[in-house]
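Q: missing the sequence, but the structure's below:
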């Protein structure tokens, strides 16, 4: 199973880079000239280091502590089904100030969903979910820059808003957010593919598409 997952991830990386590399063939033949401008990126990151993913990645029995015996008797009748993690879905706006320096605003979403059932009837009782939205400014330092390929490192710091919903009760928590990218690469000109290795809220490995305008 792990081999299949690795093969799929590797195929996705090459696909994204191929899309970017073939998006604007005519621009590749031009001599490289830097110009200031904006970009939008849509990405998906696997294994983000955020509260939602870390808190729900460890497989443990469904147990909660309750303040009263009555609460314990009421809620102990439920059991949890399979849980699902969304990964980090990201939307990024970037402005290129210099050939080597770019400043971005990053918005990411990470979610966890799990159905809970009545243990006496086995019917669906309610949906439990954790949702995390992170907002951060992000600086990107580009150390390879050609018409077709950019390679870079980056750092972002910001804030996350986490909501935990369980049986019609919702709790809000505010936490710090971060993203550290030792290496990232884009391939393409006006439309480009993205692949990154990062630590933080954007995901450990990230794939996506970007557009310059």
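A: Yep, it's here. Owing to the predicted nature of the structure, the values given are computational and were not obtained by experimental measurement.
Q: Next one: residue 43 from residue 150, what distance?
A: Separation of residue 43 from residue 150 (CB to CB, to the nearest Å): 15 Å. Just so you know, the C-beta spots here come from the backbone N, C-alpha and C atoms, and that holds for glycine as well.
Q: C-terminal to the worst-scoring helix or strand of the chain on mean pLDDT, what's the next element?
A: Lowest by mean pLDDT, DSSP states H and E among the helices and strands of the chain is helix 25-28, with a mean of 44. Scanning forward in sequence from helix 25-28 by DSSP states H and E, the next helix or strand is strand 37-46.
Q: For that following strand, what does the pLDDT average out to?
A: Per-residue pLDDT values over strand 37-46 give a mean of 97.
Q: Could you pull out the strands in the chain for me?
A: Under the criterion DSSP state E, the chain contains strands at 37-46, 78-96, 101-118, 124-145, 149-166, 169-188, 191-200, 205-212.
Q: Out of those, the one nearest residue 55 is which?
A: Minimum separation from residue 55 across the strands of the chain (CB to CB) falls at strand 124-145, 6.9 Å.
Q: what angle separates that closest one from strand 149-166?
A: 160 degrees (axes from the mean of the first three to the mean of the last three CA atoms, to 10 degrees).
Q: ok, strand 124-145: who's next to it in the sheet?
A: The pairing partners recorded for strand 124-145 under DSSP bridges are strand 101-118 (antiparallel), strand 149-166 (antiparallel).
Q: could I get these as a markdown table with distance to residue 179, mean pLDDT and mean neighbour count?
A: Shown next, in a markdown table, are the strands paired with strand 124-145 (distance: least, CB to CB, whole Å; pLDDT from 0 to 100; neighbours: other CB atoms under 10 Å):
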| stretch | distance to residue 179 | mean pLDDT | mean neighbour count |
| --- | --- | --- | --- |
| strand 101-118 | 7 | 94 | 18 |
| strand 149-166 | 4 | 95 | 17 |
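Q: Make CSV out of these and add distance to residue 202.
A: Output for the strands paired with strand 124-145, formatted as CSV (distance: least, CB to CB, whole Å):
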stretch, distance to residue 202
strand 101-118, 6
strand 149-166, 8
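Q: Identify all residues paired with the residue positioned nearest the centre of the chain through a beta bridge.
A: For the chain, the residue nearest the mean C-alpha position is residue 88 (1.9 Å; CA atoms, centre = their mean). Assessed by DSSP bridges, residue 88 has beta-bridge partners residue 45, residue 110.
Q: Go through the strands of the chain and pick out the most buried.
A: strand 191-200 (a mean of 21; mean count of other CB atoms under 10 Å).
Q: Partner strands of that strand, with direction?
A: strand 169-188 (antiparallel), strand 205-212 (antiparallel).
Q: now those as CSV including distance to residue 123 and mean pLDDT?
A: Listed next are the strands paired with strand 191-200 as CSV, based on distance: least, CB to CB, whole Å; pLDDT from 0 to 100:
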stretch, distance to residue 123, mean pLDDT
strand 169-188, 20, 95
strand 205-212, 39, 97
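Q: quick one: contacts of stretch 108-119?
A: 45, 48, 50, 52-53, 55-56, 62, 77-91, 123-134, 166-167, 177, 201-202 (CB atoms under 8 Å, 6 or more residues apart in numbering).
Q: oh, I was asking about stretch 93-106
A: Stretch 93-106 is contacted by residues 34-41, 90-92, 134-143, 145, 152, 154, 156, 158, 179, 202 when judged by CB under 8 Å, 6+ apart.
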